[in-house]
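Trainee: Quick one, structure for this:
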Amino acid sequence: MSSTLKPFAKGDLFVGATQLNNPDDDHAGRGRILQFDAQLAPKGELWLDETTHLVGGLKFDSKGVLWAFDSHSFVVLNIHRDGRVVRRPEFGTRAFSHVNFAADGTLLMGEHVVGGSIRPEVQARMKTRLPFMPGTTRFGDGHVFRFTTDGKLVKEYGTETHGGMGGFLGVTMSALSHDQKTLVYTSETGTRLMRYDLVNDRQLPDLQAILPPFPPGPPPMFFGMAFGADGTLYALRGGSIHLIDAAGVTTRQIPLEGFGWAMIEMAADGRHVFVSNFFTGDVAKIDLQSGTKVGGIATQAPKAVAGIAEYSGEG
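Mentor: The predicted structure is shown next:
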């Protein structure tokens, strides 16, 4: 299979959609990033030789370089506009799954997993095996790490984690506040929307936490989040987008079709948001004012879409 990636153009949308083709491991397969134009029409695809499992955490830096991760295999990638794929081993063998870019040029990477065990009832349903960090008997520490762009460790933050439904999920998704002082994050499928004070290096009270008894229907849980230009946090709850203010109050909900919406990307125009559904592989473009779906992509890659990123034309 040959890559057909095209030169990046403003408004292009990139979707991590690994080709899951291993009957013994439902997270394993050939790494693939799909490219769509601003009208969400197919434009190209990039096949990756450096990864073994789900590729996600897509995000563009200020230079127009697309970052991507395979946390299962401790892989961090930089994808350049000319199609070059550069592996970044200097960040070490930790299960990083995403990055936030700080204003001072440093990188904040979230560690996807924590601990060394999985809840038995979840382990019984899993068809993948999580590797330990080399020389240890644990998957990871579920921390956030600040690096320079060349991979020098500046700070390790001792972030609390929830563990999610399986008990092993760490800092799986996060968003950096506009003032750069606070990281909001979650352990996906968990019931806590957590916060960490990056200036004073301390855990803060949760922005939101869902306590039992839970209402009927799908269990309450948090997934991806992103800050809007006005400081509102847009957080996915599986079947809806919650707009959350600085006090942790949900001021509005935007319902989505079905359940499984996990990744979110604020559009550069400030008027739309892109969301992806892990179960179906679908991507939807949502008008934030009306809450309606104005465009979509059917990737035909169920349980494989783990990252979406829009190219703003910068860099």
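Trainee: Name the nearest residue to residue 180, ignoring sequence neighbours.
Mentor: residue 103 (5.5 Å; CB to CB, 6 or more residues apart in numbering). In this view, the C-beta of every residue, glycine as well, is placed from N, C-alpha and C.
Trainee: Doesn't that neighbour lie inside a helix?
Mentor: No. Applying DSSP: H, G, I helix; E, B strand; the rest coil, one finds residue 103 to be coil, outside a helix.
Trainee: number of nearby residues for it?
Mentor: By other CB atoms under 10 Å, 10 other residues sit near residue 103.
Trainee: From what I see, it and residue 179 are in contact.
Mentor: No. Between residue 103 and residue 179 there is no contact under CB atoms under 8 Å: 9.4 Å.
Trainee: related to what we said a few turns ago, pLDDT value on the residue nearest to residue 180, please?
Mentor: In this model, residue 103 is scored at 97, pLDDT.
Trainee: I'd like to know how far the residue nearest to the spatial centre of the chain sits from residue 262.
Mentor: Of all residues in the chain, the one closest to the mean position by CA atoms, centre = their mean is residue 57, 4.2 Å from it. Look at residue 57 and residue 262: by CB to CB, to the nearest Å, they are 12 Å apart.
Trainee: now the strands for the stretch 101-250 of the chain?
Mentor: Taking DSSP state E, counting those that start in this stretch, the strands of the stretch 101-250 of the chain run over residues 107-111, 114-115, 140-141, 144-147, 153-157, 173-176, 182-186, 192-197, 202-209, 225-227, 233-236, 240-244, 250-255.
Trainee: So which other helices or strands are in contact with the fifth one?
Mentor: Applying 3 or more CB pairs under 8 Å, 6 or more residues apart in numbering; DSSP states H and E, we find strand 153-157 packed against strand 144-147.
Trainee: chain center to the strand it packs on, what's the gap?
Mentor: 16 Å (CA atoms, centre = their mean, to the nearest Å).
Trainee: how many neighbours does the closest residue to residue 13 other than its chain neighbours have?
Mentor: Using CB to CB, 6+ apart and skipping the chain neighbours, the partner closest in space to residue 13 is residue 36 (4.6 Å). Using other CB under 10 Å, residue 36 has 22 neighbouring residues.
Trainee: can you pull the contacts of residue 36?
Mentor: Going by CB atoms under 8 Å, 6 or more residues apart in numbering, residue 36 touches 12-15, 42-43, 297.
Trainee: Need the phi and psi values for it.
Mentor: Backbone torsions for residue 36, taken as degrees, to the nearest 10, come to phi -130, psi 150.
Trainee: go on, residue 216?
Mentor: According to degrees, to the nearest 10, residue 216 has phi -60, psi 160.
Trainee: ok, it - contacts?
Mentor: With CB under 8 Å, 6+ apart as the criterion, no residue contacts residue 216.
Trainee: Quick check: residue 59 is in a strand.
Mentor: Yes. According to three-state DSSP, the state of residue 59 is that of a strand.
Trainee: What is the burial count for it?
Mentor: By other CB under 10 Å, the residues close to residue 59 number 18.
Trainee: In contact with it: list those residues for me.
Mentor: Applying CB under 8 Å, 6+ apart, the residues near residue 59 are 66-67, 98-101, 307, 309.
Trainee: Please render those as JSON lines that adds neighbour count to the earlier fields.
Mentor: Shown next, in JSON lines, are those (neighbours: other CB atoms under 10 Å):
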{"residue": "66", "neighbour count": "24"}
{"residue": "67", "neighbour count": "22"}
{"residue": "98", "neighbour count": "27"}
{"residue": "99", "neighbour count": "23"}
{"residue": "100", "neighbour count": "19"}
{"residue": "101", "neighbour count": "16"}
{"residue": "307", "neighbour count": "26"}
{"residue": "309", "neighbour count": "21"}
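Trainee: Dump these into a markdown table; add distance to residue 121 and secondary structure as well.
Mentor: Formatted as a markdown table, the contacts of residue 59 follow (distance: CB to CB, whole Å; DSSP: H, G, I helix; E, B strand; the rest coil):
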| residue | distance to residue 121 | secondary structure |
| --- | --- | --- |
| 66 | 37 | strand |
| 67 | 34 | strand |
| 98 | 27 | strand |
| 99 | 32 | strand |
| 100 | 33 | strand |
| 101 | 38 | strand |
| 307 | 28 | strand |
| 309 | 34 | strand |
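Trainee: And those, which is closest to residue 30?
Mentor: residue 307 (15.6 Å; CB to CB).
Trainee: Now render the strands of the stretch 101-250 of the chain as a markdown table, adding distance to residue 302 and mean neighbour count.
Mentor: Shown next, in a markdown table, are these (distance: least, CB to CB, whole Å; neighbours: other CB atoms under 10 Å):
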| stretch | distance to residue 302 | mean neighbour count |
| --- | --- | --- |
| strand 107-111 | 25 | 24 |
| strand 114-115 | 27 | 22 |
| strand 140-141 | 26 | 24 |
| strand 144-147 | 30 | 21 |
| strand 153-157 | 34 | 14 |
| strand 173-176 | 20 | 23 |
| strand 182-186 | 23 | 25 |
| strand 192-197 | 27 | 20 |
| strand 202-209 | 29 | 15 |
| strand 225-227 | 23 | 20 |
| strand 233-236 | 18 | 24 |
| strand 240-244 | 21 | 19 |
| strand 250-255 | 21 | 13 |
